[in-house]
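1. Build me a model from this:
(2 chains)
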Number of protein chains: 2
Amino acid sequence: MFELLLTDPNSKARRGRLTTRHGVVETPIFMPVGTQGTVKAVSPAELRELNAQIILGNTYHLFLRPGLEILSDFGGLHGFSRWQGPILTDSGGFQVFSLARLRKITDAGVHFQSHIDGAACFIGPREAMQIQAVLGSDIAMLFDECPPYPCEKEYAAKSLQRTLLWARQCKEVPTPGAKFGIIQGATFADLRRESAEALVEMDFDGYAVGGVSVGEPEEEMLAAVENSEPFLPAQKARYAMGLGTPPQMVEMVARGIDMFDCVLPTRVARNGTAYTGHGTVNLKNACHTRAHGPIEEGCTCPACREFSRAYIRHLLKSEEILGLRLVTLHNLHFYLNLMQRIRTALEAGTFAQFRREFHTAYSASPQLGEADD
Amino acid sequence: MFELLLTDPNSKARRGRLTTRHGVVETPIFMPVGTQGTVKAVSPAELRELNAQIILGNTYHLFLRPGLEILSDFGGLHGFSRWQGPILTDSGGFQVFSLARLRKITDAGVHFQSHIDGAACFIGPREAMQIQAVLGSDIAMLFDECPPYPCEKEYAAKSLQRTLLWARQCKEVPTPGAKFGIIQGATFADLRRESAEALVEMDFDGYAVGGVSVGEPEEEMLAAVENSEPFLPAQKARYAMGLGTPPQMVEMVARGIDMFDCVLPTRVARNGTAYTGHGTVNLKNACHTRAHGPIEEGCTCPACREFSRAYIRHLLKSEEILGLRLVTLHNLHFYLNLMQRIRTALEAGTFAQFRREFHTAYSASPQLGEADD
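-> Next comes the predicted model:
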């Protein structure tokens, strides 16, 4: 399903192509997160206009609500949500460990209480894959235990063995799309290697680095990827789960990662924070009160094409829904467009230059709203 | 500015045309309410797609936030909000009386505290018109006192005299667009007549029936219109402020009203209530859990063209912004389309039949979600 088109001569960055049942995905790619069957504040039509190629759905959330009976009745998440492009679903493991109450983990799976209504639930490796089959996922993630940060090595090793046991069971459950294994091992290089080698031995369609973006420092996040990537086959897609800031994604691309998902662009938008090539901007700040300019000069997103920062700030201060929608559209455009620029740079052989210039500009952070009006 | 195209032979209903600085408005018309410079949850582009012809802005809200300095800097509300069609602004009177704190009313105007930050403010007749001039309103409403319901006749008469005094002062203040007078007089037929005759004598571009939709029973609302309308010239537009439900609007059209504004379609949408030709539907109800059909069969709105009731219900139950946006789009379409159907019926000479059939269907209220899936 993955075609490696080229590798950057100066880094591990790759330009690739994923072919799924619902369409082709050009990598490196950012996947907007549609936790509950919608990317927060935007419509499927808007995602298409933003050139989103693939979105993420959350197995845990959708299993609890609306539930499998309804999703099955609609032929899966595509039919229910009307997003017709590719969908990757996580396995539910991460949410079970971060959201659910009264968890009890055994080698069979996880007993937990729904965070919505307290209902007693169980998800094990077979259930996770069966749910993703009902969702009609184009890329299903294996059920894994995601250890916290920090984590003792003894527990990390024990947890890894359980994740590998589950991986073997997940492999046996038929799903309509591809299956990606998830590399765990916390902050321990030997465990990361063991995890990667064992999963590669089982032969999945792609591999994800999990257990990152769980509160660890950035150097640990980079190390987790660096300690996993060398043991992954070049001809399979690599996905860093739950990452990250724009500079982190650029660095992850340089370390050989092809796919990203992150709630940051949609979550911070709802607080009025926008991404620009010069870093983040808080649009609620007083400096934007009379700013005629767009969020970012030259940006082609639906918010910047039409609206001033002053108007968007007014909407945010007035708690109007249109405000957070406009910032969400801008941020998703920024993330998606960043990946487009990376793909273009890789094709042009200029990724090293792009990487350098991106970091310089992003960390320069001039005070937007003061200079350009 | 108003052209009376035809009058229904069986009622007082009229088909007309308003010409404003920002475009032509075919009447009868519903005006979506953009309280704080945006119609809640929808974008200017979506309003255009819904064929909204004119929207309403709230002088009180916009005066407090973002304030006149910024609005002036952007050349008014059109430049600030990017809605390029006609805008009617209320005078701020209604909000001063319903929202502001510590009001003190004199013949000079109203001292009040901002409901946002408690700041001491003053709006009198001259200020109200000057604010609307800054907003660049295409139709400015005169500053009036809106008495509560119920109201003693003595106070209603005294209040009316003040409103008429203010009307004379408002007339003297130059504004770029048209000016509409507001008929008050509470529930007293003789005061309504006095108000209408005095305003007509002053010669404004149109006349509104105010002091309705303030908690009075429906028969009092209809009576207020019936007691005002006979004293209004046929060649000027008539506007019933803050109304109403779909059947109320049909009845107001039959009583000679040309223009409506109401927060109902946008406000109830945010609670999951949708308008249909068979009455309102609460989309959160369990009967919609597995409903494949749209909110209303045959509806051409953006929500009904693409999404099932089951999906919209899921979004509402999950408190996803897309849910209330889709119901808002549907409800605005319903209100705007109802006026389009009325205009078509008037042109075809079938308004009496339309009126009868509309009420029969609307009150029939079959259980949607049970029959059609």
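2. Helix, strand or coil: sort out the nearest residue to A:Ser98 once chain neighbours are set aside for me.
-> Leaving aside its sequence neighbours, A:Ser98 sits nearest to A:Cys146 (CB to CB, 6 or more residues apart in numbering or on different chains; 7.8 Å). C-betas here are computed from N, CA, C, even on glycine. Recorded secondary structure, A:Cys146: coil (DSSP: H, G, I helix; E, B strand; the rest coil).
3. Can you check what pLDDT the model gives A:Cys146?
-> With respect to pLDDT, A:Cys146 has a value of 91.
4. Helices of the stretch 1-150 of chain A, residue ranges please.
-> Applying DSSP state H, counting those that start in this stretch to the stretch 1-150 of chain A gives helices spanning A:44-49, A:59-64, A:68-73, A:77-81, A:93-98, A:125-135.
5. rank those by pLDDT, which is bottom?
-> helix A:93-98 (a mean of 84).
6. What residues sit buried inside that helix?
-> In terms of neighbour count (16 or more other CB atoms under 10 Å in any protein chain shown), helix A:93-98 has its buried residues at A:Gly93, A:Phe94, A:Gln95, A:Val96, A:Phe97.
7. show me what contacts the nearest residue to the fourth one once chain neighbours are set aside?
-> If the residues on either side of it in the chain are set aside, A:Val96 comes closest to A:Val110, at 5.1 Å by CB to CB, 6+ apart. Contacts were defined as CB atoms under 8 Å, 6 or more residues apart in numbering or on different chains; by that measure A:Val110 touches A:Gly93, A:Val96, A:Phe97, A:Ala100, A:Arg103, A:Lys104, A:Phe122, A:Ile123, A:Gly124.
8. Surely the residue nearest to A:Ser98 is in contact with A:Gly92?
-> No: with contact defined as CB atoms under 8 Å, A:Cys146 does not reach A:Gly92; the gap is 10.6 Å.
9. higher neighbour count, these two?
-> Set A:Cys146 next to A:Gly92 and count neighbours by other CB atoms under 10 Å in any protein chain shown: A:Gly92 wins out with 28 against 25.
10. So that one is in contact with A:Asn58, correct?
-> Yes: contact criterion CB under 8 Å: A:Gly92 and A:Asn58 qualify, at 7.4 Å.
11. Kindly tell me how buried A:Val33 is, as a neighbour count.
-> Using other CB under 10 Å: A:Val33 sits among 22 other residues.
12. same thing with A:Asp8?
-> Around A:Asp8 there are 20 residues (other CB under 10 Å).
13. One more: A:His22?
-> Other residues lying near A:His22 total 16 when counted by other CB under 10 Å.
14. Now it: closest residue in space that isn't a chain neighbour?
-> Of all residues not flanking A:His22 in the chain, A:Pro86 sits nearest, at 4.5 Å (CB to CB, 6+ apart).
15. my guess is A:Ala13 meets A:Ala254, correct?
-> Yes: using CB under 8 Å, A:Ala13 makes contact with A:Ala254 at a distance of 5.2 Å.
16. what's the overlap in contacts for these two?
-> A:Phe351.
17. When these two are compared, which one has more neighbours?
-> Set A:Ala13 next to A:Ala254 and count neighbours by other CB under 10 Å: A:Ala13 wins out with 26 against 17.
18. Can you give me the distance of the more buried one to B:Arg15?
-> From A:Ala13 across to B:Arg15, the span is 65 Å (CB to CB, to the nearest Å).
19. Give me the nearest residue to whichever residue of the stretch 51-200 of chain A sits closest to chain B, chain neighbours excluded.
-> Of all residues in the stretch 51-200 of chain A, A:Pro66 sits closest to chain B, at 4.6 Å by CB to the nearest CB. Excluding the flanking residues, the one nearest A:Pro66 by CB to CB, 6+ apart is B:His314, at 4.6 Å.
20. ok, then the element right after the host helix or strand of that neighbour?
-> Using DSSP states H and E, the element containing B:His314 is helix B:309-317. Note on helix B:309-317: by DSSP H and E, the next helix or strand toward the C-terminus is helix B:321-348.
21. So is that following helix next to chain A?
-> Yes: part of helix B:321-348 sits near chain A under the criterion CB under 8 Å from any CB of the partner chain, namely B:Ile321, B:Leu322, B:Leu324, B:Arg325, B:Leu326.
22. is it true that the second one touches A:Ala41?
-> Right, the one you point to is B:Leu322. Yes: judged on CB under 8 Å, B:Leu322 makes contact with A:Ala41 at a distance of 6.8 Å.
23. Quick check: mean pLDDT of stretch A:326-342?
-> On average, stretch A:326-342 scores 98.
24. Please determine how far the closest residue to A:Glu251 other than its chain neighbours is located from A:Pro28.
-> Distances taken as CB to CB, 6+ apart put A:Leu222 closest to A:Glu251, at 6.5 Å, once the chain neighbours are dropped. Going from A:Leu222 to A:Pro28 by CB to CB gives 16 Å.
25. low pLDDT regions in the stretch 251-373 of chain A?
-> A:365-373 (pLDDT under 70).
26. So which bits of it are right by chain B?
-> With the criterion set to CB under 8 Å from any CB, the stretch 251-373 of chain A comes near chain B through A:289-290, A:292, A:306-308, A:310-311, A:314-315, A:317-318, A:320-322, A:324-326.
27. now with 10 Å?
-> A:270, A:289-290, A:292, A:302-303, A:306-308, A:310-311, A:313-315, A:317-326, A:328-329 (CB under 10 Å from any CB of the partner chain).
28. Between A:Gly92 and A:Asn58, which contacts overlap?
-> A:Leu64, A:Leu99 (CB atoms under 10 Å, 6 or more residues apart in numbering or on different chains).
29. For the most centrally placed residue in chain A, give me phi and psi.
-> The centroid of chain A falls nearest to A:Asp261 when counting by CA atoms, centre = their mean (1.0 Å). Taking degrees, to the nearest 10, you get phi -140, psi 150 for the backbone angles of A:Asp261.
30. neighbours around A:Val209, how many?
-> 30.
31. what about A:Val214, is that helix, strand or coil?
-> Assignment for A:Val214 (three-state DSSP): coil.
32. What is the burial count for it?
-> 21.
33. And for it, nearest residue in space, chain neighbours not counted?
-> A:Tyr149 is the one closest to A:Val214 (CB to CB, 6+ apart), at 4.8 Å.
34. contacting residues around the one you found?
-> By CB under 10 Å, 6+ apart, the neighbours of A:Tyr149 are A:Ala186, A:Thr187, A:Gly211, A:Val212, A:Ser213, A:Val214, A:Gly215, A:Glu216, A:Pro217, A:Glu220, A:Met221, A:Ala224.
35. and if we set it to 7 Å?
-> Each residue near A:Tyr149 by CB atoms under 7 Å, 6 or more residues apart in numbering or on different chains is listed here: A:Val214, A:Gly215, A:Glu216.
36. what about the last one, how many neighbours?
-> Residues contacting A:Glu216 under the criterion other CB under 10 Å number 19.
37. Name the nearest residue to it, ignoring sequence neighbours.
-> In space, A:Glu216 is closest to A:Tyr149, 4.2 Å off (CB to CB, 6+ apart).
38. One more: the second one?
-> By the measure of CB to CB, 6+ apart, the closest residue to A:Gly215 outside its immediate chain neighbours is A:Tyr149, 4.9 Å from it.
39. Report pLDDT for the one you found.
-> 94.
40. nearest to B:Asp8, of the helices of the stretch 1-150 of chain A?
-> helix A:44-49 (39.5 Å; CB to CB).
41. so which helix or strand takes in the residue nearest to A:Glu251?
-> Residue-wise, A:Leu222 maps onto helix A:218-226 under DSSP H and E.
42. So which elements touch that helix?
-> Using 3 or more CB pairs under 7 Å, 6 or more residues apart in numbering or on different chains; DSSP states H and E as the contact test, the elements touching helix A:218-226 are helix A:246-254.
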